[in-house]
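**Q** Any chance you could fold what I've pasted below:
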Amino acid sequence: MSFLGKNFKLVLLLIFFLSIVNGQWSIIFGQSPLDKARSDYTFQYTKYREAQNKYINARSSYLTFQTATAKNNAYLATGDYLVQIDNLYQAYLFLVNENGNSLGWQNSDISKDHINQIIDEEIAFFDNHQKKVKDAKTLEQLPDLANDFKSHRDTEFSLKINKILATFEVIEAQSAIADFNKIAGELDNIVTSKIEKDQNQSILANWISEITDIKAKTQNYLTKAKELLEKTKEQTASGDEVKDISSFAQLAKNELLRSKPLFKEVIGIL
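**A** Numbering: from 1, shown residues only. I've put the predicted structure just below:
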């Protein structure tokens, strides 16, 4: 293959790599299952706000007038509100799942099977809760169901989602460094073969040194993120733990972004 062909291939790979680091998949690939999941979540959120407003008005009317009609309206509005909350959380889980599907799991030793199981279990919980709400016959039955939802959301659901999102941060960083290594490796082979006879040999030598530094620092940040992830338990995964993991993963991706002008520069020289 001529260097012109290699050059074009590397440019395409560079664009692909930067799309991962910058999180801009849809810009390159257009509409995707992830885009559809985002749209559905937005739609369900709009429906949720509508149901919430109807619930607030019906509740206020019942508390004011205390009639059977007002109570029935409150029962209907409350039931619809709880059903829509379940719809919203299910849409959120589908969105989380599609975010996971968009990542490069082949570049990681972390398995997605367990995450799939957690998401399926949570979707089943909200589906079952929704059925209980629909089976309720009186207003008095609904507060207990609302409490069941709140208890589950604030304990199991939130903690499990924290761990999942932290895992995604690490997977994304691992995928980015894998693509970085692929580009850097191909360019390094070309640079090494030219460095002794090229007039830009000092520039090329410094390019290799800088790329090596980026790789080392990125791997260090990624190692710290993965160590924290492994220590974080699903049953206790706090927001602060996710923040720490995300911080190291972002530092890794920031290091990789340093390679953007370096890749372009060396391709121009070669």
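**Q** residues in contact with Ile245?
**A** Applying CB atoms under 8 Å, 6 or more residues apart in numbering, we find Ile245 in contact with 166, 169-170, 225, 228-229, 232. (Each C-beta comes from the backbone N, C-alpha and C, glycine too.)
**Q** Nearest residue to it in space, please, no chain neighbours.
**A** Ranked by CB to CB, 6 or more residues apart in numbering and with sequence neighbours excluded, the top spatial neighbour of Ile245 is Ala166, at 4.3 Å.
**Q** Filter the contacts of Ile245 down to the ones in helices?
**A** Counting by DSSP state H, the contacts of Ile245 place 166, 169-170, 225, 228-229 in helices.
**Q** I'd like these as JSON lines, with neighbour count and distance to Leu187 appended.
**A** Formatted as JSON lines, those follow (neighbours: other CB atoms under 10 Å; distance: CB to CB, whole Å):
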{"residue": "Ala166", "neighbour count": "22", "distance to Leu187": "32"}
{"residue": "Glu169", "neighbour count": "21", "distance to Leu187": "27"}
{"residue": "Val170", "neighbour count": "23", "distance to Leu187": "26"}
{"residue": "Ala225", "neighbour count": "24", "distance to Leu187": "26"}
{"residue": "Leu228", "neighbour count": "19", "distance to Leu187": "32"}
{"residue": "Leu229", "neighbour count": "22", "distance to Leu187": "30"}
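**Q** which one among the contacts of Ile245 gets closest to Phe126?
**A** Checking the contacts of Ile245 against Phe126 by CB to CB gives Ala166 as the nearest, at 21.9 Å.
**Q** just to revisit the earlier point, widest-spaced pair of the ones in helices among the contacts of Ile245?
**A** Taking CB to CB as the measure, the ones in helices among the contacts of Ile245 span a maximum distance of 10.3 Å, between Glu169 and Leu228.
**Q** can I get the ones in helices among the contacts of Ile245 in CSV with distance to Lys264 and pLDDT?
**A** Below are the ones in helices among the contacts of Ile245 laid out as CSV (distance: CB to CB, whole Å; pLDDT from 0 to 100):
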residue, distance to Lys264, pLDDT
Ala166, 32, 93
Glu169, 27, 93
Val170, 28, 95
Ala225, 27, 97
Leu228, 33, 96
Leu229, 33, 95
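**Q** how far away is the residue of the chain most remote from its centre from Ser61?
**A** Farthest-out residue of the chain from its mean C-alpha position, per CA atoms, centre = their mean: Thr67, at 47.5 Å. Distance of Thr67 to Ser61, given as CB to CB, to the nearest Å: 9 Å.
**Q** can you check Leu34 too?
**A** From Leu34 across to Ser61, the span is 41 Å (CB to CB).
**Q** try Lys163
**A** Look at Lys163 and Ser61: by CB to CB, they are 42 Å apart.
**Q** Which one's more surrounded, the two?
**A** It is Lys163, of Lys163 and Ser61, that has more neighbours when counted by other CB atoms under 10 Å, with 23 against 17.
**Q** before we move on, the earlier item: how about the residue nearest to Ile245, what does it touch?
**A** Ala166 makes contact with 228-229, 232, 237, 241-242, 245-246 under the criterion CB under 8 Å, 6+ apart.
**Q** The strand or helix carrying Gly268 packs against which elements?
**A** Assigned by DSSP states H and E, Gly268 belongs to helix 259-269. For helix 259-269, the packing partners by 3 or more CB pairs under 8 Å, 6 or more residues apart in numbering; DSSP states H and E come out as helix 3-22, helix 158-194, helix 201-231.
**Q** Geometric centre of the chain: which residue is closest?
**A** The centre of the chain sits closest to Asn99, judged by CA atoms, centre = their mean, with a distance of 4.8 Å.
**Q** I'd say that residue and Pro33 touch.
**A** No: here Asn99 does not reach Pro33: they are 10.1 Å apart, not a contact under CB atoms under 8 Å.
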